[in-house]
Structures are given as C-alpha cells and as structure tokens.
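Chemist: here is the input, now give the coordinates:
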Amino acid sequence: MARPLFELNPDLDRDALAARFARDTRLQIADVLTDATARELRGIMEHATPWGVALQAGATGTARTFHAADMRDPAIAHEALELGKATDRAAAQRDYAYRALRYSLVEGVQKGWQPGGPFEILLEHLNAPPFLQLMREVTGIPALAKADGSASCFGPQHFLGRHIDSHMAEGWRIAYVLNLTIDDWHPDWGGYLVFYDDAGDIVQGFRPQFNTLNLFAVPQSHAVTYVPPFAPKGRYAISGWLRDR
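Modeler: Next comes the predicted model:
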C-alpha cells in the first residue's frame, strides 16, 4: 500500500496555536503532519523533483526560474550563470536578491508538467478543507480561501534577501513554509527564516526543522539567511501564501 502524501497531525492543540499567533503574528508549528506523511514528501523532494534554478538580482529585477530541461541548452545555462553572478553584485550593493532551487506547484499544474503527480496532489491537499480550516483557526482569518505554493531547496550559497511581502491587493494574508529539511539541521548551516525590526536587528529566527510549519502575517520584514558552501543540500520546503481571494 502506498504511503499517504498529506495527513495533518490530529493531536495539534489548535487553541494554543491560535493564541500564540494572535500574540506574535508569526508561529512555528512542530510536527504539523504525521511522520509518515512528512517523510514521504521529503523523499519526493530529495529524489523525484526536477529542480529549476530561481534567481532575482535587484528589487526591480525580473524573477527568473531556469527549468532543469532548459538548462541543457548552453546559451540558457550561460544566461543562468550570469544572472547568478548578478545576484551576488546586487546583494553586495544592499539590494534585494534571491538564489535557490525551485519547482512551482501552480505552474506545474497549469502547464501539465506532471499530470496526476505528487506535487499536483499536494497542491490539492493545500487547498482542501482540512488544511484551510486549520489555517483559518490558527490565524483567526476565516476569509482564507486558497493556497499557492512552490517547492524549494536552499543548498550551498543560496539565500533569500531581506524583503517585505506586500501583495495585499492580490489577496496575500499569510505566508507559510512547510519545512521538510534533513534531520537535525545544524545552526552553522544557515537557512534560517529570520524577522527584522525597523533598525535591521533580527527579532526572531526559525531554524529549519523537519516537519514544522512556519506561518506569519504579511507584510513583515524577513529573509532566509545565507547557506554557506560547507552546508549539505537539504533545506527542503514547500512555501507560498494563503490568500483571501
């Protein structure tokens, strides 16, 4: 019998989680899925994901994802390499930049990359009543209506620069990060989801931990810290936004 792909932990204390979120507007939920579910998802991300490279250099730059199949073209591979260098230059100039592996669940469904595949099924679960109802209860936002999502892998030399998600007009209410990282992620490996105050000081940070769900109300100033060259590939996550339309 196949393992389940997505099952919520039935023992979550929803009232306690809601109280913490109401107080802090951000939250990390431990053991959000059943262990078998979380390990099945991580296995898919480790061994069955056609990763692309996602890059953006500068707040006004265009976000690009170079898909795995396209990178076989030397011209496209060169373009990705040059944009990767540009992300370093942008970050050095205190501009926004982003570099990681990515697979868009929504784009995959729209373009039929893997019909009936695990990521298509996962997106259905993220938009099904059990998960959305949990999110409504924990966040106190009954208007949450749908979720988008992307798979990501932050490996060596990957990062997400400090920024503020401000797409309120598009219905963004809550950002989520479902962590499926390798076991016992070491603090020296970076990849923390961190939050900043107006002075640029870190006021809270969430270590990547297997089978945890990070939630935070938008907008908030945040980043994913740089993953150093000696870190292993394995900061896996499903992330996106919970929307009211």
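Chemist: and the strands in the protein?
Modeler: Counting by DSSP state E, the chain has strands at residues 26-30, 52-57, 64-66, 97-104, 146-147, 150-154, 159-164, 172-179, 193-196, 202-206, 212-217, 221-224, 235-243.
Chemist: now render these as CSV, adding distance to residue 118 and mean pLDDT.
Modeler: Heads up, the C-betas are built off the backbone N, CA and C, glycines and all. Formatted as CSV, those follow (distance: least, Cβ to Cβ, whole Å; pLDDT from 0 to 100):
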stretch, distance to residue 118, mean pLDDT
strand 26-30, 22, 98
strand 52-57, 17, 98
strand 64-66, 19, 96
strand 97-104, 11, 98
strand 146-147, 16, 97
strand 150-154, 10, 98
strand 159-164, 24, 96
strand 172-179, 14, 97
strand 193-196, 24, 98
strand 202-206, 25, 98
strand 212-217, 18, 98
strand 221-224, 24, 98
strand 235-243, 11, 98
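Chemist: of the ones you listed, which is nearest residue 18?
Modeler: Closest approach to residue 18 among the strands of the chain is made by strand 26-30 (9.1 Å; Cβ to Cβ).
Chemist: can you list the strands that the closest one pairs with?
Modeler: Sheet partners assigned to strand 26-30 using DSSP bridges are listed as strand 212-217 (antiparallel).
Chemist: just want the angle from the strand it pairs with to strand 172-179.
Modeler: On the basis of axes from the mean of the first three to the mean of the last three Cα atoms, to 10 degrees, strand 212-217 is oriented at 160 degrees to strand 172-179.
Chemist: who's in contact with strand 212-217?
Modeler: For strand 212-217, the surrounding residues in contact (Cβ atoms under 8 Å, 6 or more residues apart in numbering) are 21, 25-32, 135, 138-139, 173-179, 193, 195, 206, 222.
Chemist: what ranges do the helices span in this structure?
Modeler: Ranges of helices in the chain, per DSSP state H, are 14-24, 35-47, 74-92, 105-111, 118-126, 129-139.
Chemist: with distance to residue 146 and mean neighbour count added, can I get those in TSV?
Modeler: Listed next are the helices of the chain as TSV, based on distance: least, Cβ to Cβ, whole Å; neighbours: other Cβ atoms under 10 Å:
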stretch	distance to residue 146	mean neighbour count
helix 14-24	19	14
helix 35-47	20	17
helix 74-92	30	14
helix 105-111	10	15
helix 118-126	9	18
helix 129-139	8	17
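Chemist: pull the number of nearby residues for residue 181.
Modeler: Residues lying near residue 181 (other Cβ atoms under 10 Å) number 23.
Chemist: so how far is residue 173 from it?
Modeler: Going from residue 181 to residue 173 by Cβ to Cβ, to the nearest Å gives 25 Å.
Chemist: of the strands of the chain, which is nearest residue 13?
Modeler: strand 26-30 (9.8 Å).
Chemist: show the pLDDT at residue 220.
Modeler: Note on residue 220: pLDDT of 96.
Chemist: kind regards, and thank you for your time.
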